[in-house]
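>>> got a structure for you, letters missing:
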């Protein structure tokens, strides 16, 4: 069983590393030079690789059987489903501000006018998709509280924090002082309640 958990952590590490490498602008530039006009399909391919990789790891995660830390009951189920539902709502609201066709890769994501989107949910939190993902993972962990899911959740949480830092760096480079002001005004993951 220990070997299965080690392999799980290794798979998550490879997955998240590949995810970050393929999202890096320098790597995308190299691939664009190599692929030429075919680069317009890069984002679709990137999302396809990410989805297949994620499904593979989640199947492996489900294959590893470990006992629960505590027994689940109706109350735990309601709490888990509530947290997960809030996460899904946050992600759904996020896509009001992002164009899903651009996110998936069916349309270009270029932003030649350098417009920083700060309306809707983006006026409350800077990274709503990450927030929603964290809530979904937390809800699932509460619902199925075992070592395997704890390891997967920890790997995901660590990567999300790294991913946010990398994205913030890219956004500061792209938008400069306007992103710096936005960053000072709007919290990263969870809204401020007055």
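Right, received. Where do you want to start? This is a predicted model, so every value here is computed, not measured. Numbering: from 1, shown residues only.
>>> From here on, just use CA atoms for contacts and neighbour counts.
Noted.
>>> Quick one: name whatever helix or strand follows the worst-scoring helix or strand of the chain on mean pLDDT.
Here the helix or strand of the chain ranked lowest by mean pLDDT, DSSP states H and E is helix 100-104, holding a mean of 69. Where DSSP states H and E defines the elements, the next helix or strand beyond helix 100-104 is helix 128-143.
>>> buried stuff in whichever helix or strand comes after that next one?
Using DSSP H and E, the helix or strand that follows helix 128-143 towards the C-terminus is helix 147-175. Buried residues in helix 147-175, counted by 16 or more other C-alpha atoms under 10 Å: 147-153, 155-157, 159-160, 163-164, 167-168.
>>> same question, stretch 31-42
So for stretch 31-42, counting by 16+ other C-alpha under 10 Å, buried means 39, 42.
>>> where's that stretch relative to the chain centroid, distance-wise?
24 Å (C-alpha atoms, centre = their mean, to the nearest Å).
>>> show me what contacts the residue nearest the centre of the chain?
With distances taken as C-alpha atoms, centre = their mean, residue 130 lies nearest the centre of the chain, 5.0 Å away. Applying C-alpha atoms under 8 Å, 6 or more residues apart in numbering to residue 130 gives the contacts 160, 164, 189.
>>> Likewise for residue 134?
Residue 134 touches 87, 157, counting by C-alpha under 8 Å, 6+ apart.
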